[in-house]
Every structure is written in structure tokens, then in C-alpha cells.
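Trainee: Okay, sequence plus prediction incoming.
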Amino acid sequence: MVRLNREEKLKRKRESQRRYFAKNKDKINAKRRACHAKNPERFREQHQKWYRKYREREILKLRERQHVLRKAVMKKLGNKCVRCGFSDWRALQIDHIDGGGNKEKKEIGQDKMYRRILTMDEKKLVNHYQILCANCNWIKKHEMQETVGHNLEGTRTSKFIQ
Ligand SMILES: [Zn+2]
């Protein structure tokens, strides 16, 4: 018999666990939900413990996922500013054509907004979202009177604050 080293053994164990989970997913999840309903406090504690241990790894994973998602969204929207053609992704922003972007982000979160864009029909998409560079986005905000403050003439630029 071939003797396996510790790492190989662990790897096999993990794979078999994964296979088992895939096969019995519904059963396991139902059991988990029942347990959680019985004792939510304990679950919360366990989750906190797990999160403290793997916090950094999880943050990195999340950032990676968001980056991939953002890249896909940018690609679908054309990868450049629709006003001036600027194309360095570091200063490109997703703009809501009719305004209200911050409101949507607050309501459903950035991730969901990205997913909504990715699943949206292309024809519908062009009426809702576009890419603007940071400069054009600020200029548009002034044009639409979405900024808070005054313009150079000293008049209020915001339609929200009178
Ligand atoms: Zn621009």
C-alpha cells in the first residue's frame, strides 16, 4: 500500500467531503436550517469565530470576486467613457443615465447592481447604464444639478438643497 503524506490525505478527505455534500445538498441544507432555527445564537457565535480566523482570506476572495464582476460589467458597457472615450479602467465609473445611482447602490448593493447589469437585455441596458470617466461623471452631475454646493457664480448647484 502506498503511504500517503498528510497533505495528500487531507486533500482526499476534502474531495470526498465535497462529493458527499454535492450529492446530499438538499438534505444537509434542510438540516442546517432546522438547527439554525433552533439555536441562532450558537450559529452566530460559530460564524464570528470562523470569520475572525479567516477574515483576511475572505476579504481577499471578496475583492477578487468584485474585481472580476466589475471587469465583466465594464466589458459589457464598452470599456470606455461614452462622452470622451477615456479608457483607463481605474478612473471609469458606471453611471445611471437618469441619475439615482447612489440610491440604487444603497438599496440593493453594488454586487446586485452589477449582476443586474450583466443579466439585463442589451437593448434595455443602453437606456439605463453607461460608462463615464470620473471627469465626465462630475461634469454630468453638475449639469443635472446633482452636486451639493455652489458654482463659480455663487448660486446653489443642488436641486436637493434650497
Ligand atoms: Zn469622459
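Mentor: Looks like it arrived, so ask away.

Trainee: For H128, which residues are in contact?
Mentor: H128 makes contacts with 96-98, 120, as judged by CB atoms under 8 Å, 6 or more residues apart in numbering. Placement of C-beta: from N, CA and C, glycine included.

Trainee: what's the farthest-apart pair in the residues you listed?
Mentor: Using CB to CB, those reach their maximum pairwise distance at D98 and M120, which is 14.6 Å.

Trainee: so can I have JSON lines of the contacts of H128 showing neighbour count, distance to K80 and secondary structure?
Mentor: Output for the contacts of H128, formatted as JSON lines (neighbours: other CB atoms under 10 Å; distance: CB to CB, whole Å; DSSP: H, G, I helix; E, B strand; the rest coil):
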{"residue": "H96", "neighbour count": "15", "distance to K80": "18", "secondary structure": "strand"}
{"residue": "I97", "neighbour count": "15", "distance to K80": "16", "secondary structure": "coil"}
{"residue": "D98", "neighbour count": "9", "distance to K80": "21", "secondary structure": "coil"}
{"residue": "M120", "neighbour count": "15", "distance to K80": "19", "secondary structure": "coil"}
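
Trainee: where's K71, which helix or strand?
Mentor: K71 belongs to helix 40-76 when assigned by DSSP states H and E.

Trainee: what do you get for Q130?
Mentor: strand 129-133.

Trainee: and if you look at Q93?
Mentor: strand 92-96.

Trainee: Contacts for the worst-scoring helix or strand of the chain on mean pLDDT, please.
Mentor: Lowest on mean pLDDT, DSSP states H and E among the helices and strands of the chain sits helix 101-108, with a mean of 78. Helix 101-108 has contacts (CB under 8 Å, 6+ apart) with 94-96, 113, 116.
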